[in-house]
Each structure stands twice: as C-alpha cells, then as structure tokens.
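Visitor: Provided below are the primary sequence and the corresponding predicted coordinates.
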Protein chains: 2
Amino acid sequence: MTTSAAGLRASVDAAHAAFEKARTADPSTRAGWLDAVAAGLEKDADVLVALAAKETHLAEARLRGELKRSTFQLGLFADEIRNGEHFDATIDHADQEWGMGPRPDLRRYNVPLGVVGVFGASNFPFAFSVMGGDSASALAAGCAVVHKAHDGHLQLALRTAETVVAALDAAGAPSGLFSLVTGRAAAEALVDHPLVKAIGFTGSTAGGRALFNRAAARPEPIPFFGELGGINAVFVTGKAWNARAGEIIGGYANSFTLGMGQFCTKPGLLFVPRGHSDAVRTRLEQALAGFTPAPLLSERLHEGFTGAVRGLRATKGVDVLVEGDFAECPAPTVLRTSAAAVREDPSILRQEMFGPASLMVEYGDESELPALAGLLEGQLTTTLQAEADDDVADLAERLTDISGRVLWNGWPTGVTVSYAQHHGGPYPATSSNTTSVGTAAIRRFLRPVAYQSFPVERLPEPLQDANPWRVPQRVDGEWRRPGTDSGTRAGEVK
Amino acid sequence: MTTSAAGLRASVDAAHAAFEKARTADPSTRAGWLDAVAAGLEKDADVLVALAAKETHLAEARLRGELKRSTFQLGLFADEIRNGEHFDATIDHADQEWGMGPRPDLRRYNVPLGVVGVFGASNFPFAFSVMGGDSASALAAGCAVVHKAHDGHLQLALRTAETVVAALDAAGAPSGLFSLVTGRAAAEALVDHPLVKAIGFTGSTAGGRALFNRAAARPEPIPFFGELGGINAVFVTGKAWNARAGEIIGGYANSFTLGMGQFCTKPGLLFVPRGHSDAVRTRLEQALAGFTPAPLLSERLHEGFTGAVRGLRATKGVDVLVEGDFAECPAPTVLRTSAAAVREDPSILRQEMFGPASLMVEYGDESELPALAGLLEGQLTTTLQAEADDDVADLAERLTDISGRVLWNGWPTGVTVSYAQHHGGPYPATSSNTTSVGTAAIRRFLRPVAYQSFPVERLPEPLQDANPWRVPQRVDGEWRRPGTDSGTRAGEVK
C-alpha cells in the first residue's frame, strides 16, 4: 500500500488546515495533546511492541525501553512548552535614548514553521519513527506533521499512526495535525510540496543527501534536518590502555554490538596503541563469547552490512582481527588497520558498517592522535578513553571541532533525552547545526517574527507585558522568568 | 585590483589559523576586540565618510548615521558576549532517577563555526558592508571573517578594512582574524573553500540564490545566511484611510524615497481603498514636492531600476499614478494597479524596483485583504495602517505567516539594532530562518557541542559548575543568571 499523489496532497492540505487551527492553542493545550499521545502509546504498548518485534527482529526488552524513551520524550517536550522556553520571547520597549537613535517598541518571539515532513528511521521503530524525536519536537513547536513511514516496519508504523491519530482526536486536536504516508513517490512529493516548510530525516548519508539536495533545489528552499552517518571514533591513550585495557575492550565489544550494531552512535573506530594485537584478539573473543547474534533489521540492511564489511576488509592496509560471518544472524567482526595505512588512505576511516562490526586503528605514538582525528569527517560523537593526568587538550580540541558530542571514558551508544543533549555534528553526521534529540530539537521547527509598535491587546500572549502565559521574557535586555511556584510573579524574578 | 586564487586561499588559511588561536579568548577579551574596531572606525570617521560619499552619492548625514549604527552595533554585540548569552550554556547533572533511565552528566554550549565569508552590500557602505552586521556578529560569535568587498564602494571597503585590521592588531587579536578580498572569482572560491563554514550575504535574490545553490552543492554543505529581496507590503484599512489619508500618503512618500528608495525595507506596495486616485495623486505630488533627487548608488543599479519600473508599468493592469523619470537623479515614480489585476497576475506583486518607486494597489473591500496578502511571497516586513477598532485579526495572522517583522502604523525603513529585532523573513526575503540585524544575529555563527561525563577541570569555562565567566547557565532545567552587580553570585539567582 503506497500513498498516491492525490493522497499525499490531501495529507499535506489537511495538515496545513490543522496547523492553522492549532496555531491559537495555548502551550498547555498543546502540551496536553503530547501527553495524550504518550498515554495512547503506553495504553497500546503490548500490541505495538509485538508488531515491532515481528518486523524488526529486535528484542522485547529493547523495544519496551525504546517506547518508554519515546513517551518520556513527549512528556519532557510537553513540560518544555508549558514553560514557554521555546518562544524566546524578547521585548524591547520604545527608548528615546537608545544609543544609535530612538528605537520603537519592538517584540520578537518564535512561531511554528507550518507543516513538517518527517521520515522514519529503520533502526528505531519508536524513538526515531512515527512518534519519535522529529515528530514530537515538530508537534511541540506547534507544527503539523506528515510522517513518511519506513518500509522496514510498515505494519507497526500504520498501527502507531492509528494510536497517535486517535489520541490527538480524543484530546481535541484539529483533525489532520498528524498523518502518515508511504512509498517513495509520496516521500519525494512531500519534500517538494510548497506547504511543507521543513523536513526531519534520520537515515543514510546517501539517501539523506539526495533529499537535502531536493529540499535545497525547491523554488522556496526549506531546511532539511538530516541525521545521516555515524562512525563515532574512540581514542584510547597509552595510559588508559595500560591501566584498563580489559575494561575498555569489554566496553567497546558491548557498545559496538548493542542492538546488533544498528545504532547511529555505534563506535565504529577504536584508536589503540599498537603492538597488542594478540592480547586484544583474545580479550575481544572473551568479551564477545556470550554474545547472541540476531537477524539484522531487514534483508536490505543485511546486504548493505555484508557489502560494507567485505569492502573495507579488502582495502589495502586492512586485515581481520576477529573473524565474524554474514549468516542470517551475523557474528561480530573486528577489522584492524594502522595509522600509516589511514594516513595514506583516509577513506578507510569514513566507511560506515551498519551492523556488528568495527575497525581498530593501531597508532605508534599518542602525539599522532590530533592529526589522525583531523582525517575524520564530521561525527555524531567522539570519545576519549584517558586517565586523569593525560595531556589530551589538543586532541579534545580537535574532537570538539568535528563532533556533536564528546565523551570521556564512556561509550557513545545510549543517547539520553534531556535539556543539554546534542545529537548532531558537522556534515556528514548531520546536514545542519541542530540536534534531533533533547529539548533543543524543538527550536528547529520555529522561526522568529518581530512586531513593531503593536497595540498591546493585539500582541501574541508571550509578548504582552502582563505575560498571561507566564513565559520567560527578555525585557530590555534582562531575562525575567516567572517562578514555577504560584507565589512568584514575573516581574519579581530577575 | 582583484584577489587571485592564491590570495583567496592565503586569506582563508590565515583566517582559520587566527580562529584557532582566538578560540581560547574569553568573552571580555573578544568583546575588547569589537570595541577596538568600533573606536578605530570612529577615529577614522572623517576619511571614511568622505570616501563613502564619493563612491555612493549618499549624503554625509546619512553616512554618519550609518557609521554610528555600525559602531553602536559592535558595542552592543560586545556587551552581549560579555554577558555570555550566546553560549546557551546548559548543564544536566548525572541523574539516576531520570524518567527514561539513568542519565550521565551532560553539558552543552555553543562554539563558533570557524571561518565565515561575508559579502558586502551595495546600499549600506557601512552597516551591511566591511564591518556591518554580518562581520560584527561573526566576530562576536568567535569566528574569523573573510570579507568580499562590494565593487560599488571598493576604495571605501579597502580603507575600512585597513582600519579594522589595524584596530584588531593593536588590540592583540590574532593576525588574519579579519581580511578583505575582491572580485567575482574570489567570491566563488570563498563559498567553495572547505575551511569556510558559513556565508553571510546581503544582496539581490538572483545573486543570492546562485550563491545559496553553490553553498548547498559543496561536498560539505554550509549554511547560507542570505538577506535577499524586499517588497514590504503596506495595508491601509478603510477606517485608517478615512481618518488620516494625508498622513499616510506623507509617511509613505517619505519612506519609499528615503535614501533614494535603496533600502531593502522600502515600502514597495501600498494597498489602499479604491476610488480616490485623483486625491491620492494630488497628495503624493504635494508630499514629493520638496524631494531632492540624487544619483543612485551606481550606474548598474540605475539601469536595474529603470528596467524594473519600465517592466512593471508595461504589465497588463498597471498604469502610472505619479510620473517619475530616469534622469541621472531620478524623480520618484508611483505605479497603480487593482486587486483584480494582481489576482489575475500575482507576479505584479513580486517585482522589486530598487530605487524611488512604489506600486499602489486599489482594493474594493477590506475582506479581500487576507487573500491578497496570500498572493505575496515572503517579506522582510509588512505593515498595517489601521485604527484601534479595526477587525484585522485575520490579516495580521496572514502577515505573520509571510513576514519577518510586522509593523503597526509605522513605516518599515529604519531598522533598529536591539535584542528583539528580527530582520529576516520567509524566502525570498531571506534564505534562512535567522536575522541579520540585532543581537540574535550572533547565533547564526555558532553550533552546539555536548560533553558527556567530562572531568570538571577539562570542561570549557561556561560549562563549569563554578562558572568562572559568570554566564547564564541552565542547570537541570532551571536557568541561573549571575546578576550584573558584583554582589550577586550565580548560585543565588534563579
């Protein structure tokens, strides 16, 4: 079942009409819609998880955890918009003494973009799919969402959309605020439709770049928020290696095989001191001994994984440290190369193997590491495995340059949803300077509008001096945040 | 004199090296560089204004005002980064009880993008040129700037750059942090250079779109912050017309001819009730009687203006209300059309005439106005001329949809630099959802980075619990803003 051209247009038109109706909703009404969707998903958890398990081969515990992540996210975003953080309400009163000459009364806040197209990811059937981070943040911003289902879990997507639409209807949201479309033609038409004002995408670099190009080539270009490739290099210093090689290998083995290695944050590169290959192989084999392989998400991804691993192991300077296989349930593979080889051919560092495989890079001296980091493309995450007295300031600076998130003695899989999270990074990690996880994801779907000399009663609520919605306001340069307890009024808090 | 390919590469490489050196500068050091540049421009004001007058035909008073605007802007941005607002510092402490499962310590702040290419505009030889809003906001963000001079005021640009470079050197900024290049080949190479991470542009829609496309087509696409076209529709209600037609015509005449109509915020469209043409012509002629024409900025713009006005007046449904001319110092032209004509051919509403000309659109009934607004493309500004008891809620909503700034009973020329300013708007007004004027312009040149589980002494200052730079921090969801007086410490303020 694929959405026809007329069906796509009808979805976008209905979404636009719903957006227009929903725009006057106050934050607590809109937050209520998000909470209702979360409650609906929780109520239908059993049927949804069962469908997801069947279509994705992922384990039930993982799927329940992922669904919890998605409903928690909806609740956190609901709280964020109740607080009014997303408005960025800014009020400059008229000022005859303003330094460059008299200024008029000027007030700015953020308004939603309109209809957003959201593409589901194969590897997170809940958290980056129908009601994942992109849909949740777009709805929180006040946008309407037309979701392009991923073929990899189509029945789940259709069923999830039913739950979402029913929950929104019951909560009183305008009909059409969320809808689902399927098929490649509808996907392209979604990017092209003049009423669509932004795209959220999680998927491959190649597919994402094609859609990015399409969005940029429109008569009216629109932002394309693409979360694309993930290599996630990890750097182990000599001291860290000497102090805790076993623990590091164990953590690495666990992280790169988690969820069968099908995370965009999978550590795909591990830089280690050279000369320990036999010991590493033994330790890896021990660490992987208890691992139970499962099928990959889809036949297509299985083929892609097989091709990527075979391609990289056939590359000059690369050999096999731990031999995996490409059975229906593939055993993990660890490839090995050297700093010299990647200096000669940096493309070795840029091959994503989406599945349970990773590449170990042996270096001779720690002083090489900043330059090796310089050979990497943009990364969602990079990690330092180092000791307290290591001198890694230069390396940390290089990692900041190329990363969305830098970890210290941790592992990149497992991305919490919080205020400070940043799940992004320079291209090709993402196609923008924004995050697709955490409360800051909401900002992507907003744009500022300023009002000059407007009568107070005609201003949107967040820009009124009386601040009826009790949102944070920056007034003549100073932030005023209403306290969360009812005893504190806006004007009293600086 | 045009910059060679090697010269362009040398400028970008030097800028990148300076960016790397400057990254450790604390906000007050960086703010000091901006203040030094402002002081240098003020010191050299006489020579700069004289050069500008010669190259642009603009009056001295206007040029002095524009220079003041530019130096004020540098000072305001310096204060903004001293306050640390731009870091958006966000700290989530580790939390075992976090709703979706234990979360690690996670801290996010904004870092500068790197080298920014800035294109100067023809019509603001100071405020949107060498050290205009784009350059000032990029430097404030912590970026280095390579400025492409506009050919229209090349001697001024070269001389201004001398002043800027000397001021930065004297203030101790790293050499290469700002440089100037010239010529079309260097402009294109600037957009293409892999070390350039963003472009700021003010200019025509056609030229801007070509560069936008170029930026999007790079192997690593970069954001293109283009301030492009400006039509700036003004809507006059029947009541406002009845109450103060004379005042409105006077304000309109003044605004569309200000600076010889060479502002991107010039009101290019005025929607008025039909049936008053003779009275309007008389009033316009009165209002324009005292107007002293001057030459346009350049011969090229003069030709463009002539062509645009001739093209529009030859369009079906358009005639001449006030006859201007295309002399070396052109007299103002007002064209006239009807709501019916623009419904038949909406392209009538989308022709920018860069110079002292505007188009009046006569409508039959106020209820037509929201739909007429729907025929407009994205606008930098729109304006309502209305009375207190007018019912214009629908129209105001439509104007919010298509505008960066909406004015009430004012005129769009004159864009103050402040916290709440938004000088942007949907395409083709701009090519992004950002502002090129006001403190929010700084955000364009930053990207977030998160640090997970980092030892406190290795965290950047804005993310340390001790908050040595005394910047606003959002801690576990709650903002804490250090008071500006020395008696208030961070932890005491909520």
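Guide: Sure thing, it's come through.
Visitor: in contact with the residue positioned nearest the centre of chain A, which residues?
Guide: Chain A has A:Ser436 as the residue nearest its centroid, 3.2 Å off, counting by Cα atoms, centre = their mean. Counting by Cβ atoms under 8 Å, 6 or more residues apart in numbering or on different chains, A:Ser436 makes contact with A:Phe128, A:Gly133, A:Asp134, A:Ser137, A:Gly200, A:Thr202, A:Phe225, A:Glu227, A:His423, A:Gly424, A:Thr430. Backbone N, C-alpha and C define where each C-beta goes, glycine included.
Visitor: which element, helix or strand, includes the fifth one?
Guide: If I follow you right, that is A:Gly200. Element membership for A:Gly200 (DSSP states H and E) is strand A:196-202.
Visitor: how about A:Asp278?
Guide: Assigned by DSSP H and E, A:Asp278 falls in helix A:277-288.
Visitor: the next helix or strand after that helix: which residues count as buried?
Guide: Next along the chain after helix A:277-288, taking DSSP H and E as the criterion, comes helix A:299-313. By neighbour count on 16 or more other Cβ atoms under 10 Å in any protein chain shown, the buried set for helix A:299-313 is A:Leu301, A:His302, A:Gly304, A:Phe305, A:Thr306, A:Ala308, A:Val309, A:Leu312, A:Arg313.
Visitor: and if you look at stretch A:359-367?
Guide: By 16+ other Cβ under 10 Å, the buried positions in stretch A:359-367 come out as A:Leu359, A:Met360, A:Val361, A:Glu362, A:Tyr363, A:Glu366.
Visitor: low-confidence ranges in chain A?
Guide: A:483-494 (pLDDT under 70).
Visitor: so who does A:Arg64 touch?
Guide: A:Arg64 makes contacts with A:Ala45, A:Val49, as judged by Cβ under 8 Å, 6+ apart.
Visitor: the same query, at a cut-off of 6 Å, please.
Guide: A:Val49 (Cβ atoms under 6 Å, 6 or more residues apart in numbering or on different chains).
Visitor: quick check: residues of the stretch 351-494 of chain A near chain B?
Guide: Residues of the stretch 351-494 of chain A lying close to chain B (Cβ under 6 Å from any Cβ of the partner chain) are A:400, A:405-408, A:410, A:416-420, A:422, A:427, A:433, A:447-454, A:474, A:477, A:479, A:481.
Visitor: related to what we said a few turns ago, which non-adjacent residue is nearest the residue nearest to the centre of chain A?
Guide: With Cβ to Cβ, 6 or more residues apart in numbering or on different chains as the criterion, A:Ser436 has its nearest non-adjacent residue at 4.7 Å, and that residue is A:Glu227.
Visitor: quick check: that neighbour vs A:Glu377, distance?
Guide: As judged by Cβ to Cβ, to the nearest Å, A:Glu227 and A:Glu377 stand 15 Å apart.
Visitor: look at these two and report which has more neighbours.
Guide: A:Glu227 (29 against 19; other Cβ atoms under 10 Å in any protein chain shown).
Visitor: which residue packs closest to A:Val116, ignoring adjacent ones?
Guide: Residue nearest to A:Val116 in three dimensions, not counting chain neighbours: A:Ala138, with 4.1 Å by Cβ to Cβ, 6+ apart.
Visitor: my read is that the one you found contacts A:Val145, right?
Guide: Yes. Counting by Cβ atoms under 6 Å, A:Ala138 touches A:Val145, with 5.1 Å between them.
Visitor: of these two, which one has the most company?
Guide: Neighbour count, other Cβ under 10 Å: between A:Ala138 and A:Val145, A:Ala138 has more, with 31 against 26.
Visitor: great, nothing more from me.
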